[in-house]
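1. coords below, sequence missing:
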């Protein structure tokens, strides 16, 4: 792993005043202050970030000039007042020229995506949003970003929660304004029944993720055939059952790695993994690093 360094120490201090960037190849591990999971940078320094990805959502708000992004080979010219939202684990690069300035927001999406109605639309949030239409929703999202930045700068009690309250409202606005036509529930009785079943399954998984859960067992719990349950669950959540279960277990493991000094074996078992080897493999697939590396970067001192 290496720390990105600029040739100008004062520029670096302004750019990373809350911490530093940690890279392994193209994978960035975003650092946060203790007990927080959001970072916000202001910059008016011409700079280029080479192609990289990370588990955080990245939101750009251009204040002056133009910031150029390349996201999965697609070019975005983000001009004054425009907003670009880059989903997690998406390869992207950016550059900013003379006379430009911006806010850059990085935050972990787990808390947002745990909301049940947002979870149903997760697949639609897995693409970039370039907001430039000047609509009421665009203006509102810009105001919410500035409000989040204000809470971040003041650092008053529960500032991280205040920032996330703004982000949650941003996602609600996105869904209502820009995704209204792709809402997954039609309001018919079959759709409502499926949603209720998926809710019950999510609760069941949250209570039993430590156990050796199988698709057949959970489908039986839901009262459906294996095939019908798989199709309904994927349609409602955007994830296969296996993906959702792995995601839940990895989230539990991340919390244990950050907040405790428990052994890797204990963390693996407490998170529902049958062995340390399986834990290491799945965690690396999902987070791009081993559990030990994750603890080194984010864990308690």
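-> That came through fine. Only a predicted model underlies this, so the values are computations on that prediction, with no experimental measurement involved.

2. Tell me the gap between the strand or helix carrying residue 152 and the middle of its chain.
-> In the assignment (DSSP states H and E), residue 152 maps to helix 136-154. Computed by Cα atoms, centre = their mean, to the nearest Å, the chain-centroid distance of helix 136-154 equals 18 Å.

3. same deal with stretch 227-237?
-> With Cα atoms, centre = their mean, you get 23 Å for stretch 227-237.

4. follow-up on the earlier one: what packs against the helix holding residue 152?
-> For helix 136-154, the packing partners by 3 or more Cβ pairs under 8 Å, 6 or more residues apart in numbering; DSSP states H and E come out as strand 38-43, strand 57-64, strand 83-86, strand 101-107, strand 129-131, helix 159-178. Where you see a C-beta, it was placed from the backbone N, CA and C, and this is true even at glycine.

5. what's the angle between that helix and helix 159-178?
-> 170 degrees (axes from the mean of the first three to the mean of the last three Cα atoms, to 10 degrees).

6. thinking again about what came up before, in JSON lines, list the helices and strands packed on helix 136-154 along with mean neighbour count, distance to residue 241 and mean pLDDT.
-> Putting those into JSON lines (neighbours: other Cβ atoms under 10 Å; distance: least, Cβ to Cβ, whole Å; pLDDT from 0 to 100) gives the following:
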{"stretch": "strand 38-43", "mean neighbour count": "18", "distance to residue 241": "30", "mean pLDDT": "93"}
{"stretch": "strand 57-64", "mean neighbour count": "20", "distance to residue 241": "24", "mean pLDDT": "97"}
{"stretch": "strand 83-86", "mean neighbour count": "22", "distance to residue 241": "28", "mean pLDDT": "96"}
{"stretch": "strand 101-107", "mean neighbour count": "20", "distance to residue 241": "27", "mean pLDDT": "96"}
{"stretch": "strand 129-131", "mean neighbour count": "19", "distance to residue 241": "28", "mean pLDDT": "92"}
{"stretch": "helix 159-178", "mean neighbour count": "18", "distance to residue 241": "24", "mean pLDDT": "91"}
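
7. Select, out of the ones you listed, the one closest to residue 201.
-> With respect to residue 201, and counting by Cβ to Cβ, the nearest of these is helix 159-178 at 22.2 Å.

8. angle of the closest one against strand 57-64?
-> Counting by the same axes, to 10 degrees, helix 159-178 points 80 degrees away from the direction of strand 57-64.

9. if we can go back for a sec, format the helices and strands packed on helix 136-154 as JSON lines; extra columns: distance to residue 198.
-> Shown next, in JSON lines, are the helices and strands packed on helix 136-154 (distance: least, Cβ to Cβ, whole Å):
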{"stretch": "strand 38-43", "distance to residue 198": "29"}
{"stretch": "strand 57-64", "distance to residue 198": "24"}
{"stretch": "strand 83-86", "distance to residue 198": "26"}
{"stretch": "strand 101-107", "distance to residue 198": "26"}
{"stretch": "strand 129-131", "distance to residue 198": "25"}
{"stretch": "helix 159-178", "distance to residue 198": "18"}
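
10. Can you show me the strands along the stretch 201-301 of the chain?
-> Assigned by DSSP state E, counting those that start in this stretch, the stretch 201-301 of the chain shows no strands.
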